[in-house]
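>>> Predicted structure and sequence below. I'll ask about it afterward.
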Amino acid sequence: MSDAAVVRKAPPVGRQGNYAGGVTRLVAFTIDVAATWGIFTVSLAGISFAFQLVTGHNLKAAGHQVETVSAFVAWSFIYFSYQWSLGGKTIGMAIAGIRVVAKDGTPITGRQAVLRTLTFPLSFLLFGLGFVGILVTKDRHALHDRAARTVVVYSWDARAARLRWLARQESTEPV
Amino acid sequence: MSPLPGTGRAEALAQVIAERVVSLVVDAIDIDALLAKVDMDALLAKVDVGAIVDKVSVNDLIDKVDVDGVIDRVDVEKIIERVDVEKIIDRVDVEKIIDRVDVEKIIDRVDVEKLIDRVDVEKIIQRVDIDALVEQTELGTIIARSTSGVASEALDVVRAQAVGLDDFVARWFNRILRRDPSDWPKGPLGLTPEVGTHLVLAEAGEST
């Protein structure tokens, strides 16, 4: 393989701190949805099991839909706001290599994290119109970003990724 | 033996007389007055000092000198007190001295083990702000990534694919909306260089 081909196919570099695109953010959100559901379901199963052990009665979520939905909403709020306020990224965002920062690039405050979490559902209204800003605005603002005065940027070390990628190419190259 | 009889006695007598005359003359001369009349500068100018020095065996001379005795008589403290060290240091060309120093030779003579034994590593570590170190360097990233293998490879692929799709989508939207994003900021000013600088860095192959 020629050097030119290696460079062309290598992961993009120089992205750290750049505004993150819609696809990466969608990947992160999908992982977060799976994580919130997964953790919530496992926790619910654990609570149900413990309840059954203690009382001898079977606790089923089907009979407590309002409580279950309320618990899930509360859990989702904690999941997103706590992680955003802590390091600007959720589990999904960490995997996708992006993070939330203030408009000037500084870490977001707890207030911004809470505000972003509360306004996040608003972006889903009107068939997800709040997310269109990610595709059309220069700073890739969604509605909840605008409300909380935040932006999402790439945080993964593309340089290290590129070096690893090149190293792997080198090792698999036929002699 | 003398060629003529009686000549030896006459010579001896003449010798005694000559010595007596010389002694009387010398006693009569005022040496100080004589020296006062001598032009010492003119005399010294005629002396070839270099030739005299050449004839002197300096090493033999030094061997005869009791250096320890001389040193014992020197009051070093008194000399040091009279020396203006600051003035000497100001006149020293440190760069020139360093150039003449064979650092490799010095290092070879250093007993590193002994040196390390004298260092209190615990004390040094206590003074290091590990949090700041990890925060200000890529140490954290390196530590985190050094333990990963297959997972990080998969992660790189997923992230790279996602970024590639981001670019693809952005390109199409720019084409549809007929806009030129080259002057747009790449990210928040606090995290990315200005647009112009960023483009130059990207063209030069610089990474984040």
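Looks like it came in fine.

>>> contacting residues for A:Ala40?
In this structure residue A:40 is Phe, not Ala. Contact partners of A:Phe40, counting by Cβ atoms under 8 Å, 6 or more residues apart in numbering or on different chains, are A:Ala71, A:Phe72, A:Trp75. No exception for glycine: its C-beta is placed from N, CA and C like everyone else's.

>>> got it, and B:Glu19?
No contacts exist for B:Glu19 under Cβ under 8 Å, 6+ apart.

>>> What's the first helix or strand after the longest helix along chain A?
Longest helix of chain A, by residue count under DSSP state H: helix A:22-55. Following helix A:22-55 in sequence order, the next helix or strand is helix A:65-87 (DSSP states H and E).

>>> That following helix and chain B in contact?
No: Helix A:65-87 does not reach chain B (Cβ under 8 Å from any Cβ of the partner chain); its nearest approach is 11.8 Å.

>>> What lies in contact with the next helix or strand along the chain from that helix?
For helix A:65-87, the following helix or strand on the C-terminal side (DSSP H and E) is helix A:91-96. Residues outside helix A:91-96 that contact it (Cβ under 8 Å, 6+ apart) are A:24-25, A:27-35, A:83, A:99-100, A:152, A:155, B:155, B:158-159, B:162.

>>> and with 10 Å instead?
Residues outside helix A:91-96 that contact it (Cβ atoms under 10 Å, 6 or more residues apart in numbering or on different chains) are A:20, A:23-36, A:39, A:79-80, A:83-84, A:87-90, A:98-100, A:152, A:154-156, B:155, B:158-159, B:162-163.

>>> circling back to that earlier point, closest to chain B among the contacts of A:Phe40?
Of all those, A:Trp75 has the smallest distance to chain B: 26.0 Å, by Cβ to the nearest Cβ.

>>> I'd say that closest one and A:Ile39 touch.
Yes: the criterion here is Cβ atoms under 10 Å, and A:Trp75 meets it with A:Ile39 at 7.7 Å.

>>> hang on, the earlier thing: could you pick out the buried ones from the contacts of helix A:91-96?
A:20, A:23-29, A:31-32, A:35-36, A:79-80, A:83-84, A:88-90, A:98-100, A:152, A:154-156, B:155, B:158-159, B:162-163 (16 or more other Cβ atoms under 10 Å in any protein chain shown).

>>> Low-confidence ranges, the chain, go.
Here I'm looking at chain A. Across chain A, residues meeting the criterion (pLDDT under 70) sit at A:1-14, A:61-62, A:158-175.

>>> wrong one, chain B
Residue ranges of chain B with pLDDT under 70: B:1-6, B:130-131, B:133-150, B:193-208.

>>> tell me, how many neighbours does residue 73 end up with?
This is for chain A. A total of 11 residues lie near A:Val73 under the criterion other Cβ atoms under 10 Å in any protein chain shown.

>>> that's the other chain; I wanted chain B
Using other Cβ under 10 Å, B:Arg73 has 8 neighbouring residues.
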